[in-house]
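**Student:** All I have is the shape, not the residue letters:
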C-alpha cells in the first residue's frame with residue numbers, strides 16, 4: 001500500500017554498483033529500511049544529493065508490515081538547507097547529531113512528537129544567525145524528553161550537584177564518577193530549559209559538558225555505541 005510521509009535521512013550502505021540500502025526516520029512508521037535501486041542512473045528520480053546527513057524529505061513509500069526492507073516510489077527534499085552545507089560549524093553539528101540519532105533511535109513505529117522536534121530543530125539550526133556553540137548541547141538534553149530520561153530540573157543553591165544516575169540535582173554526589181558539580185551543573189540546568197539558551201562558555205566548559213551529557217546517555221541507554229564524531233565537532237568549534 002502506498003503512503004505519504006515525511007522523513008529524515010540517517011544512513012546508507014551500498015548494496016550494489018547502482019543500489020543503496022538506506023535508513024530513514026519516518027513520521028508515519030518510525031525508523032525504516034529502504035532499498036533504492038538505480039540511484040546512479042541518469043534516469044533515477046532519486047539523486048545522491050537527496051541523501052545528505054539528516055536531510056529533510058518528503059516521500060511516497062510502499063509499506064508492508066513485518067517486511068524488513070521497504071521501497072520508495074517518490075522522494076524529494078521537503079526543506080532545502082540554505083546555510084548548513086556551507087557553514088562548517090553547522091555541518092559538523094549535523095554530522096554529530098546524525099551519529100547520535102542513528103545510535104539511539106531504533107523504534108519502528110510512529111512518534112510524531114519526536115519526529116517534529118528533530119524536524120523543527122534542524123530548520124532552526126539552518127536559519128539561525130546567532131552563535132551555535134551550545135546548540136548541540138541543548139538539543140541532546142531536550143532529546144532526552146523523548147527518550148525517557150529528561151532530567152528533573154530542580155537545581156538550586158541547596159542542590160547544586162547533578163546526579164547522572166538519578167537524573168536529579170542533589171546536595172551531594174551519590175554515585176562515584178556519575179555526578180556533575182558547579183559550574184557545569186548550573187549550565188546544564190540552564191540548557192535544560194524549554195527556552196532557547198545562548199551561553200558564553202569557555203572551550204573547556206563546553207567540552208566537559210558534552211562529555212558529561214554523552215555519559216548521561218550511556219548511563220540511561222545501556223548498549224549505546226560510543227560516539228566518535230564529537231571529537232571532530234569539538235575541534236571545529238574550538239578552532
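**Tutor:** Perfect, I can see it now. On a predicted model such as this, the values are computed, not experimentally measured, just so you know.
**Student:** residues in contact with the nearest residue to residue 57 once chain neighbours are set aside?
**Tutor:** Once flanking residues are discounted, residue 57 sits nearest to residue 7: 4.2 Å by C-beta to C-beta, 6 or more residues apart in numbering. C-beta: built from backbone N, CA, C; applies to glycine. The neighbours of residue 7, taking C-beta atoms under 8 Å, 6 or more residues apart in numbering as the test, are 24, 25, 26, 27, 56, 57, 58, 59.
**Student:** mind redoing it with 6 Å?
**Tutor:** Taking C-beta atoms under 6 Å, 6 or more residues apart in numbering as the contact definition, residue 7 lies against 24, 26, 57, 59.
**Student:** Residue 135 too?
**Tutor:** Applying C-beta under 6 Å, 6+ apart, one finds that residue 135 lies in contact with 93, 125.
**Student:** ok, how many other residues are close to the closest residue to residue 155 other than its chain neighbours?
**Tutor:** Nearest-residue entry for residue 155: residue 189, 3.6 Å, with adjacent residues in sequence omitted and distances by C-beta to C-beta, 6+ apart. Neighbour count for residue 189, taken as other C-beta atoms under 10 Å: 20.
**Student:** which residues touch stretch 188-195?
**Tutor:** Contacts of stretch 188-195 from elsewhere in the structure, counted by C-beta under 6 Å, 6+ apart, are 137, 138, 141, 151, 153, 155, 162, 197.
**Student:** try stretch 213-233
**Tutor:** 92, 95, 96, 99, 100, 103, 140, 149, 164, 210.
**Student:** and that stretch, which residues are buried?
**Tutor:** Residues of stretch 213-233 classed as buried by neighbour count (16 or more other C-beta atoms under 10 Å): 213, 214, 216, 217, 219, 220, 221, 227, 229, 230, 233.
**Student:** what is the rounded mean pLDDT of the top strand by length along the chain?
**Tutor:** Of all the elements of type strand in the chain, the one with the most residues (DSSP state E) is strand 2-14. For strand 2-14, the per-residue pLDDT values average out at 94.
**Student:** For it, what is the distance to the chain centroid?
**Tutor:** Put simply, strand 2-14 sits 15 Å off its chain's centre (C-alpha atoms, centre = their mean, to the nearest Å).
**Student:** Next secondary structure after that strand?
**Tutor:** Counting by DSSP states H and E, the element after strand 2-14 in chain order, helix or strand, is strand 20-26.
**Student:** Taking strand 2-14 as reference, get the angle to that following strand.
**Tutor:** Direction vectors for strand 20-26 and strand 2-14, defined by axes from the mean of the first three to the mean of the last three C-alpha atoms, to 10 degrees, enclose an angle of 130 degrees.
**Student:** Show me what strand 20-26 is in contact with.
**Tutor:** 5, 7-13, 15, 31-36, 39.
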